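>>> Quick one, fold the following:
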Amino acid sequence: MSPKSFLADRPKDYERFGIAPDHIEVREDGMRADSTKQGFYEWWYFDAHLDNGAKIVVTFFTKDAASPNTGLQPRIEFDLDLPDGRSLHKQATFSADQFTAATDRCEVKIANNTFSGDLHKYTITASIEDISFTAHLSGQTEPWRSAAGSIFYGADEKDYFSWLPSVPYGDVELTYTVGNEPEVTTSGNGYHDHNWGNAPMTSIINNWYWGRGAAGPYTFITADIVSEKKYDYDRVTVFMLAKDGKVIADDGNKVTFKKSDIHEDPVTGKPVGNIHSYTYRDGDEEYELSYSREKTILQNKFIDTVTGFKKLAAKLIGFDGSYLRLTGPVTVTHRVAGEVVESVTEPAIWEQMYPGKTRAEDCA
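Numbers count the residues shown, from 1 in each chain. Now for the predicted structure:
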């Protein structure tokens, strides 16, 4: 039986999206979905781990991907974790006429906030309430996508979710201000990706683990994406490993995903693997990426973000979707014919998103 959700990787899939299998064009990071139409959504994402100990995550949305059956409703969200232990979350919604985006490159503007770049160099600026920042991101790992960059859902292949890691890893120079505190300028490493689709994420995805980072000469992106029940919980594994800026392994069909030491998150009630790993095997060559949770730094229940009738309706249907951001070490191990030839460990941040109902198999 054919899978009900699967990665787009056939010649006709590249033709459908007007892209090439061996080249990424600057226009691919431009606006890809008409978010003025119901059902379509899009966002541009940036995160950075900074040398002073701060971490920042910023996203420019055209609308809420969980309930996209609206017109354009642009918003910006960002989280800033400061070296002194404070975690600050800001979000703002804007009117449709405050949003513009180019189709030939990444050039997104929401009011006076901007996200622009050319697959190699980006500038992101945002200011919400008493927090503002400007970031300059310079890619050190080549742009990448998994095959044609989309996952199809359903036999008619009408619904899809698409993803382009435009900068899998790059150098960052960033300046931020918080309230009346002195301006801070620091450097670090960062990441940018771009996502879009035409079906509510809560209707197609049951849960995912996603991570990115660097360890020694390696940079990596990983994702384990489990579809919803109506798609038989089909799994798509995404894996990219680069060394010295060049991709050396990215065939998800050669990857085994495992998780262990499962616990129930006390805030969201969702099962979380304290350890999860991706093992890539190609002949005698093997690469293993293993994440070990030490701390959960963000715990969100989706129901807490809605109000009024939508919140009542969500409670009535038992909606319990959640998002967790996790930290700890990640280890990259390279083996040849079973022998370890290299192993490096570095701190990392990753996430679990669980919009669907909890599956019994995720609790074991």
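
>>> Please list all residues in contact with Tyr278.
Tyr278 sits next to Thr222, Asp224, Thr237, Phe239, Val255, Thr256, Phe257, Glu288, Leu289 when contact means Cβ atoms under 8 Å, 6 or more residues apart in numbering. Heads up, the C-betas are built off the backbone N, CA and C, glycines and all.

>>> Report the buried members of the residues you listed.
When the contacts of Tyr278 are checked for burial by 16 or more other Cβ atoms under 10 Å, the buried set is Thr222, Asp224, Thr237, Phe239, Val255, Phe257, Glu288, Leu289.

>>> quick one on the thing from earlier: the contacts of Tyr278 in strands, which ones?
Among the contacts of Tyr278, the residues falling in strands (DSSP state E) are Thr222, Asp224, Thr237, Phe239, Val255, Thr256, Phe257, Glu288, Leu289.

>>> re earlier: can you lay out the buried ones among the contacts of Tyr278 as CSV showing pLDDT and distance to Ala126?
As requested, the buried ones among the contacts of Tyr278 are arranged in CSV below (pLDDT from 0 to 100; distance: Cβ to Cβ, whole Å):
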residue, pLDDT, distance to Ala126
Thr222, 97, 27
Asp224, 97, 30
Thr237, 96, 33
Phe239, 97, 31
Val255, 97, 35
Phe257, 97, 34
Glu288, 98, 37
Leu289, 98, 31
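
>>> I'd guessed Thr202 sits against Tyr323; true?
No. With contacts counted by Cβ atoms under 8 Å, Thr202 stays clear of Tyr323, the gap being 11.9 Å.

>>> so how far is stretch 179-195 from its chain's centroid?
17 Å (Cα atoms, centre = their mean, to the nearest Å).

>>> Okay, buried residues for that stretch please.
Going by neighbour count (16+ other Cβ under 10 Å), the buried part of stretch 179-195 is Val184, Thr186, Gly188, Asn189, Gly190, Tyr191, His192, Asp193, His194, Asn195.

>>> Quickly list what the nearest residue to Tyr176 once chain neighbours are set aside is bridged to.
Among residues not flanking Tyr176 along the chain, Phe133 sits closest, at 3.9 Å (Cβ to Cβ, 6 or more residues apart in numbering). Beta-bridge pairing for Phe133 (DSSP bridges): Ala126, Tyr176.

>>> ok, how many other residues are close to Phe133?
Using other Cβ atoms under 10 Å, Phe133 is surrounded by 21 other residues.

>>> start the count at 196, not 1, going forward
In the new numbering, first residue 196, that becomes Phe328.

>>> Could I get the full set of helices for this structure?
Listed in chain order, the helices of the chain (DSSP state H) span 206-212, 396-399, 503-511.

>>> Return the residues in contact with the spatially most central residue of the chain.
What sits nearest the mean C-alpha location of the chain, by Cα atoms, centre = their mean, is Trp405, with 6.3 Å. Going by Cβ under 8 Å, 6+ apart, Trp405 touches Thr417, Ala418, Trp545, Glu546, Met548.

>>> The last one reaches Asn401, doesn't it?
What that stands for is Met548. No. Contact criterion Cβ under 8 Å: Met548 and Asn401 do not qualify, at 9.8 Å.
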